[in-house]
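Participant: sequence and predicted structure, then a few things I'm wondering about:
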Amino acid sequence: MSQPSLIIRDLHVTVGEKAILKGVNLTVNPGEKHALMGPNGSGKSTLSNALMGHPNYNITHGEVLFQGQNLLEMAPDERARAGMFLAFQYPMVIPGVKVFQFLRNMLQARRGADVPVREFRKILKDKMQLLEMKEEFVKRYLNEGFSGGEKKRHEILQMALLEPSLAILDETDSGLDVDALRIVCEGINAVSAQQPDMGVLIITHYQRMLNYITPDFVHVLFEGRIVKSGDKNLALQIEAEGYDAIEREVLASV
C-alpha cells in the first residue's frame with residue numbers, strides 16, 4: 001500500500017499572539033478527495049497557508065508529513081517542487097507578465113530544468129484542451145482584467161501543468177457565479193481523472209462546490225479543531241441545518 005500523501009498530527013498554529021489552530025489531525029491518501037468546511041474564523045485558510053509555509057503563520061506544535069518527509073523542515077519553494085499545490089482564494093494580478101511565460105517558468109521551477117518552448121507549447125496545448133480553454137488566454141497578462149471565473153480557471157490550469165501529488169483548493173468557489181463554478185469544478189474533475197493519484201483538499205464554506213465534486217470525506221473545522229468527519233452527507237447536513245447545529249452537537253459532547 002502506498003504511503004499517505006499528507007499526515008497532520010496535533011497541529012497548532014498562531015498568527016501574531018493569537019492561537020488559530022489548536023490540534024488539527026488529518027490524513028489524505030493518494031487519490032482521495034477531502035472537503036474541509038467550517039464557519040468564518042474557524043481556521044480553514046490558516047491551515048492552507050501554514051501547510052505552504054507562509055511566514056506569518058507560526059507552527060508552535062505538531063507534525064506534518066508530506067509523502068513521508070517532514071514538511072515543516074522544507075522551505076515554501078521546496079514544498080511546491082516536491083508536489084504540493086495551493087490554489088489561492090484571491091489570485092494576484094501581475095501586470096506586464098504574460099500568462100504563457102509565467103506558466104513556462106512555473107513548470108521549469110517544478111522540474112528543476114529547462115523546458116524548451118516547443119515542448120512547453122505542446123504540453124500547454126494538451127492541458128488547455130483538457131480544460132476546454134482557448135489559446136488566446138495565455139497571451140494575456142497574468143490575471144489582469146480577468147473575471148473571477150477566469151482567475152480560478154487559470155489556477156486549475158496551473159494545477160494541471162504542475163501535476164501535484166496534493167492539491168489544496170482554498171475557497172476556489174469564492175466569488176464565482178453558478179456557471180463559472182460549474183466550469184471550474186468540471187476542470188478540477190478533469191485534472192483529477194487524468195491524475196488519479198492526486199490527493200485533493202477542498203476548503204470551502206458551502207456545499208455548492210460539492211454538488212460537482214464528490215468528496216470521499218468531509219470534515220468540519222470549528223475553533224481550530226476538526227470536530228466531526230463523515231461522507232458527502234455531512235455537507236448536505238450542514239447545508240440544511242447550518243453550522244450552528246454542529247456547534248450545539250460539539251458543545252453537548254463536552
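Facilitator: All right, it came through fine.
Participant: so what pLDDT did the nearest residue to Pro76 once chain neighbours are set aside get?
Facilitator: Spatial nearest neighbour of Pro76, excluding adjacent residues (Cβ to Cβ, 6 or more residues apart in numbering): Gly53 at 3.7 Å. All C-beta spots, glycine's among them, are computed from the backbone N, C-alpha and C. On the pLDDT scale, Gly53 is placed at 94.
Participant: for Gly53, give me phi and psi.
Facilitator: As for Gly53, its main-chain torsions (degrees, to the nearest 10) stand at phi 90, psi 30.
Participant: next, Ala245: phi, psi?
Facilitator: Note on Ala245: backbone dihedrals following degrees, to the nearest 10 are phi -70, psi -40.
Participant: right, and it touches Gln237 too?
Facilitator: Yes - counting by Cβ atoms under 8 Å, Ala245 does reach Gln237; the two are 7.4 Å apart.
Participant: neighbour count winner among the two?
Facilitator: Gln237 (17 against 12; other Cβ atoms under 10 Å).
Participant: can I get stretch 64-84 as CSV, trimmed to CA atoms?
Facilitator: Extracted in CSV, the C-alpha atoms of stretch 64-84 (Å, rounded to 0.1, in the frame of the first residue of the first chain):
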residue,chain,number,x,y,z
VAL,A,64,3.2,17.4,9.2
LEU,A,65,4.5,14.7,6.9
PHE,A,66,4.2,15.1,3.1
GLN,A,67,4.9,11.9,1.2
GLY,A,68,6.8,10.7,4.2
GLN,A,69,9.0,13.8,4.5
ASN,A,70,8.9,16.3,7.3
LEU,A,71,7.1,19.2,5.7
LEU,A,72,8.0,21.7,8.4
GLU,A,73,11.7,21.4,7.6
MET,A,74,11.1,22.4,3.9
ALA,A,75,11.0,26.0,2.5
PRO,A,76,7.9,27.0,0.6
ASP,A,77,9.5,26.6,-2.8
GLU,A,78,10.7,23.1,-1.8
ARG,A,79,7.2,22.2,-0.8
ALA,A,80,6.0,23.3,-4.2
ARG,A,81,8.7,21.4,-6.1
ALA,A,82,8.0,18.3,-4.0
GLY,A,83,4.4,18.3,-5.4
MET,A,84,2.2,20.4,-3.1
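Participant: average pLDDT across that stretch?
Facilitator: 95.
Participant: going by neighbour count, list what's buried in it.
Facilitator: 64-67, 71-72, 74, 79-80, 82-84 (16 or more other Cβ atoms under 10 Å).
Participant: now swap in stretch 16-34 and tell me
Facilitator: 20-22, 24, 26, 28-30, 32-34.
Participant: what's the span of that stretch, first residue to last?
Facilitator: End-to-end span of stretch 16-34 (Cα to Cα, to the nearest Å): 29 Å.
Participant: how distant is it from the center of its chain?
Facilitator: Relative to its parent chain, stretch 16-34 has a centroid offset of 12 Å by Cα atoms, centre = their mean, to the nearest Å.
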